[in-house]
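[1] Sequence unavailable; structure follows:
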């Protein structure tokens, strides 16, 4: 793995407060679907396109300064930045749909949050 593939920081911003994230897994649902129709070949031959959506699975480190009401996050922002700062991806309009807790014996307490985002903004180019 080159340095260009390594993530430098992942930050969740809510109401001006920043929270460090251990991981984020974005998923883009394209909205494309097959349409089953009756035909002699018994195969799908048509397709449709509905609205696309972005979902995020985020592992947030519980801050020492105090926990917040994670389930009521509205209009959050997740920023993923490369080590050299040359590439940044930001997900805006993030809202929580699912919240769970995670504790490890030799690690930090975490919150697992499932969210949706309204937009994805890519800035800069990844170094090769």
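    In hand now; what should we look at? Here the structure is a predicted model, which is why all the values come from computation and not from measurement. Numbering: from 1, shown residues only.
[2] Could you give the average pLDDT over stretch 17-29?
    Stretch 17-29 carries an average pLDDT of 91.
[3] Now that stretch: buried residues?
    By 16 or more other C-beta atoms under 10 Å, the buried positions in stretch 17-29 come out as 19, 21, 24, 26. Any C-beta I mention is one placed from the backbone N, CA and C, and that applies to glycine too.
[4] Tell me the strands beside the helix or strand in which the third one is found, with direction?
    Think residue 24. Following DSSP states H and E, one finds residue 24 within strand 17-29. Taking DSSP bridges as the criterion, strand 17-29 pairs within the sheet with strand 7-14 (antiparallel), strand 53-61 (antiparallel).
[5] Which of those strands comes out lowest on mean pLDDT?
    When these are compared by mean pLDDT, strand 7-14 comes last with a mean of 86.
[6] Could you pull out the buried residues of it?
    Buried-residue list, strand 7-14, by 16+ other C-beta under 10 Å: 10-14.
[7] Same check on stretch 112-121?
    112-113, 115-117.
[8] Distance to residue 34 for those residues - can I get that in JSON lines?
    Below are the buried residues of stretch 112-121 laid out as JSON lines (distance: C-beta to C-beta, whole Å):
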{"residue": "112", "distance to residue 34": "32"}
{"residue": "113", "distance to residue 34": "32"}
{"residue": "115", "distance to residue 34": "28"}
{"residue": "116", "distance to residue 34": "24"}
{"residue": "117", "distance to residue 34": "26"}
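[9] Of the residues you listed, which is the nearest to residue 81?
    Residue 81 has its nearest neighbour among these in residue 117, at 16.4 Å by C-beta to C-beta.
[10] check which helix or strand covers the closest residue to the closest one other than its chain neighbours.
    Spatial nearest neighbour of residue 117, excluding adjacent residues (C-beta to C-beta, 6 or more residues apart in numbering): residue 91 at 3.9 Å. Assigned by DSSP H and E, residue 91 falls within strand 87-102.
[11] counting contacts, what elements does that strand pack onto?
    Packing contacts for strand 87-102, counted by 3 or more C-beta pairs under 8 Å, 6 or more residues apart in numbering; DSSP states H and E, involve strand 53-61, strand 76-82, strand 110-117, strand 119-124.
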